[in-house]
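*Asks:* got a structure for you, letters missing:
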DNA sequence: ATTTACGTTTACGTAAACGTCAATTACTTT
DNA sequence: AAAGTAATTGACGTTTACGTAAACGTAAAT
């Protein structure tokens, strides 16, 4: 349930597209403390009206990306780096090449992670299989 | 280069299959401090001769698993939990079922992680594509 | 008018995962 | 014998990512 007070400057500008901190907190199951912390870390920059924070669709998307990044084991700093790459206005060729390098770097990391996940999943499957066989044995022995 | 002093009890028992802490430190590119920390956390239990530590093939394997777990974003506690599952002597059916539950739990986590990795990789690929197109444009404009 | 709910700032606390000495021991090399 | 090299055991320090508590503001509901 997005916040909508329909009379403020903010809501008329961003019509109906604003979320309160608790909206996001509930939707993604993170504490408001964490959300504010991400702001301190420069990962979110919600609109302010007085002391209140209003989160746009972009903020919501970013939060989703932050949480996904965290699940992948990235630090907030690394996530911030990716955001900055994404937001960078690439004026020069050198700048663009630098971004491409960074992207490739991240992709190598993810490829390794993909391998790791697959290896561990396979190991777990084998282990599960062994457990099941033992279980059958034990039941048969009854 | 595994340690071999060929005169001690230990090395005659485990013949040539022992590693020193720095062997492992170099091979896996972790500090000795970290390795000892994993021991404190109950994840490794090298042989001791006096004050010295001697790591068996099993310890080496465990270290490899620890590092892989860490790359996947697991905490040392979670890694320890998986070790304990693996080492558990499943005497009863209930115990085995509990282990199976835990395995399934971990696998669900990994499935989600697999999704996350794939999503982020796809996003990065698209972003890379955009960068490349911009780069082409800039070169063409020269 | 006041409770209730929600939000804010400030600040201190904490758990995890090591890093970084410092002091000591043990072995080997010279 | 002296010096160097590798390892060990504390013990304190550090970073990251929040948790938690206090104290206050604002607005709606009773």
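*Replies:* Thanks, I have the structure now. Keep in mind that what you see is a predicted model, and the values were worked out from it rather than measured.

*Asks:* helices of chain A, start to end?
*Replies:* Along chain A, the stretches classed as helices by DSSP state H are A:9-13, A:21-28, A:32-40, A:57-71, A:76-87, A:93-140.

*Asks:* for DNA strand D, what are the nearby residues on chain A?
*Replies:* Contact residues (CB under 7 Å from any atom of the strand) of chain A with DNA strand D: A:31, A:33, A:34, A:37, A:41, A:50, A:51, A:70, A:75, A:76, A:77. C-beta here means a position set from N, CA and C on the backbone, and glycine is covered the same way.

*Asks:* residue contacts, the spatially closest residue to the fifth one that is not a sequence neighbour?
*Replies:* Spatial nearest neighbour of residue A:41, excluding adjacent residues (CB to CB, 6 or more residues apart in numbering or on different chains): residue A:76 at 4.9 Å. Residues in contact with residue A:76, defined by CB atoms under 8 Å, 6 or more residues apart in numbering or on different chains, are A:38, A:41, A:43, A:66, A:70.

*Asks:* the residue nearest to the first one when sequence neighbours are not counted and DNA strand D, how far apart?
*Replies:* For residue A:38, the nearest residue in space outside its immediate sequence neighbours is residue A:44; the separation is 5.0 Å by CB to CB, 6+ apart. Taking CB to the nearest atom of the strand, to the nearest Å as the criterion, residue A:44 is separated from DNA strand D by 12 Å.

*Asks:* who's in contact with residue A:44?
*Replies:* Contacts for residue A:44 (CB under 8 Å, 6+ apart) come out as A:35, A:38, A:55, A:59, A:62, A:63, A:66.

*Asks:* report the beta-bridge partners for the third one.
*Replies:* This means residue A:55. Beta-bridge pairing of residue A:55 under DSSP bridges involves residue A:19.

*Asks:* for it, what are its contacts?
*Replies:* Taking CB under 8 Å, 6+ apart, we find residue A:55 in contact with A:18, A:19, A:20, A:21, A:23, A:24, A:44, A:46, A:47, A:63.

*Asks:* and the pLDDT at it?
*Replies:* Note on residue A:55: pLDDT of 95.

*Asks:* the closest residue to residue A:71 other than its chain neighbours: how many residues sit nearby?
*Replies:* Closest residue to residue A:71 apart from its sequence neighbours, by CB to CB, 6+ apart: residue B:116 at 5.4 Å. The burial count assigned to residue B:116 is 19, neighbours taken as other CB atoms under 10 Å in any protein chain shown.

*Asks:* ok, now which ones touch residue A:60?
*Replies:* Residue A:60 sits next to A:19, A:24, A:27 when contact means CB under 8 Å, 6+ apart.
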